[in-house]
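Chemist: Sharing a sequence plus its predicted fold:
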Amino acid sequence: MIQITVLTLFPEMFVPLQESILKRAQEAGLMEIRLVNFRDYATSKHKNVDDVPYGGGAGMLLKPEPIFAAIRDLPQTNGQRRVILMSPQGRVFHQQKAKQWSVHDELVFICGHYEGFDERIRELADEEASLGDYVLTGGELASMVMIDAVARLIPGVLGEKASSEEDSHSIGLLEYPQYTRPAEFEGQKVPEVLLSGHHAQIKRWRRKESLRRTFLRRPDLITEITFGAEDYPLLEELIFEHEEFASWRGKWQHLCPPPKRQRRSSKKLT
Ligand SMILES: C[S@@+](CC[C@H](N)C(=O)[O-])C[C@H]1O[C@@H](n2cnc3c(N)ncnc32)[C@H](O)[C@@H]1O
């Protein structure tokens, strides 16, 4: 069971986490989501959580005291807790990060709002994470996206283990094209191999199409891929079909199988 705690001023925004797969995961006891409104920890008469920046400037900053108090009040955990600060200044979130987080016992997301945080709040966090290179009004939407991505990697949350392992980005490649019934729709046929029932050929086709799709759509991911020996013939076929892929050949040339030696005839020459 993974415990997910979100520190936010807007707990009512988290309705989407109570639907569909995440709802079932919580009902099944695979994860628990706790929302903490850190305004409850403000001690001033008007429950202020923000104040003007020292030195002047636009907007209001979240004060340190309520967030520190909320974190210190979290129940002790015997497991591994990871505190994550939502911030456009953090490392951009990606699938590998979701995988790393999914093995923790507890994740704590701190959602900022308004103009930002008092700098001292950063020291509460093990890391800062950004949803992307743009600025949101608050960390709520970003944390929901990250929680969703983590949740589907928790064993048991998705029906089949394979359904998350073959997703785009899980193995550094985009997922291959998928089809369901009917076998022909408005003249467009499902590739023959997928109807063949030949598992090895289907596996080969899928790997090749994953590679093709990644080269065509996300060439920036190619540098991170580790190709295996079984990829060599697929990559060479792809170069034949897309000349432009040849510029990457250096990445897999070392996988080129050595030329087959001619077997020496055992007959002695007389
Ligand atoms: C308006 S933003 C503040 C941005 C801040 N002035 C800056 O430039 O870093 C308010 C809050 O929204 C959240 N936020 C905004 N953009 C985000 C992003 N791309 N990823 C994650 N959280 C974000 C953060 O918690 C941030 O403190």
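Modeler: That came in fine, so what should we check first?

Chemist: what about A25, which helix or strand?
Modeler: Using DSSP states H and E, A25 maps to helix 20-27.

Chemist: Just the buried positions in that helix, please.
Modeler: By 16 or more other CB atoms under 10 Å, the buried positions in helix 20-27 come out as L22, A25, Q26. No exception for glycine: its C-beta is placed from N, CA and C like everyone else's.

Chemist: Stretch 185-202 too?
Modeler: Neighbour count says stretch 185-202 has V190, L194, I202 buried, by 16+ other CB under 10 Å.

Chemist: what's the first-to-last distance across that stretch?
Modeler: Using CA to CA, to the nearest Å, one end of stretch 185-202 lies 21 Å from the other.

Chemist: Same check on stretch 130-150?
Modeler: Start-to-end, stretch 130-150 (CA to CA) is 15 Å.

Chemist: Then stretch 22-39?
Modeler: This stretch, stretch 22-39, spans 26 Å end to end (CA to CA).

Chemist: Report the buried residues of stretch 87-105.
Modeler: S87, P88, G90, F93, Q95, K97, A98, W101, S102, H104.

Chemist: Which residues are in contact with the closest residue to the ligand within the stretch 101-250 of the chain?
Modeler: For the stretch 101-250 of the chain and the ligand, the shortest gap (CB to the nearest ligand atom) falls at G112, measuring 2.4 Å. By CB atoms under 8 Å, 6 or more residues apart in numbering, G112 lies in contact with L62, L85, M86, S87, G138, G139.

Chemist: can you rerun that using 7 Å?
Modeler: L62, M86, S87, G138, G139 (CB atoms under 7 Å, 6 or more residues apart in numbering).

Chemist: State the helix or strand in which L85 lies.
Modeler: strand 81-92.

Chemist: A129 too?
Modeler: Element membership of A129, judged by DSSP H and E, is strand 127-130.

Chemist: The nearest residue to V157 once chain neighbours are set aside and I2: what is the separation?
Modeler: Counting by CB to CB, 6 or more residues apart in numbering, V157 lies nearest to A25, which is 4.5 Å off, once chain neighbours are set aside. In this view, A25 and I2 are 9 Å apart by CB to CB, to the nearest Å.

Chemist: what is in contact with these two at once?
Modeler: Residues touching both A25 and I2 by CB under 7 Å, 6+ apart: M31, I154.

Chemist: Could you look up the next helix or strand downstream of the helix or strand of the chain with the lowest mean pLDDT?
Modeler: Across the helices and strands of the chain, the lowest-confidence element by mean pLDDT, DSSP states H and E is helix 162-165, at a mean of 73. Remark: after helix 162-165, the chain's next helix or strand is strand 184-185, criterion DSSP H and E.

Chemist: Now that next one: average pLDDT?
Modeler: Strand 184-185 shows a mean pLDDT of 97 in the predicted model.

Chemist: Tell me which strands it pairs with, and in which orientation.
Modeler: Applying DSSP bridges, strand 184-185 is found paired with strand 188-189 (antiparallel).

Chemist: got a list of contacts for the strand it pairs with?
Modeler: A183.

Chemist: Looking at it now, give me its mean pLDDT.
Modeler: 98.

Chemist: same thing with stretch 224-232?
Modeler: pLDDT averaged over stretch 224-232 gives 92.

Chemist: Show me where the protein has its helices.
Modeler: Using DSSP state H, the helices of the chain run over residues 20-27, 64-72, 95-101, 140-151, 162-165, 192-195, 199-217, 231-241.

Chemist: So which elements touch the first one?
Modeler: In this structure, helix 20-27 packs against strand 31-37, helix 140-151, with contacts taken as 3 or more CB pairs under 7 Å, 6 or more residues apart in numbering; DSSP states H and E.
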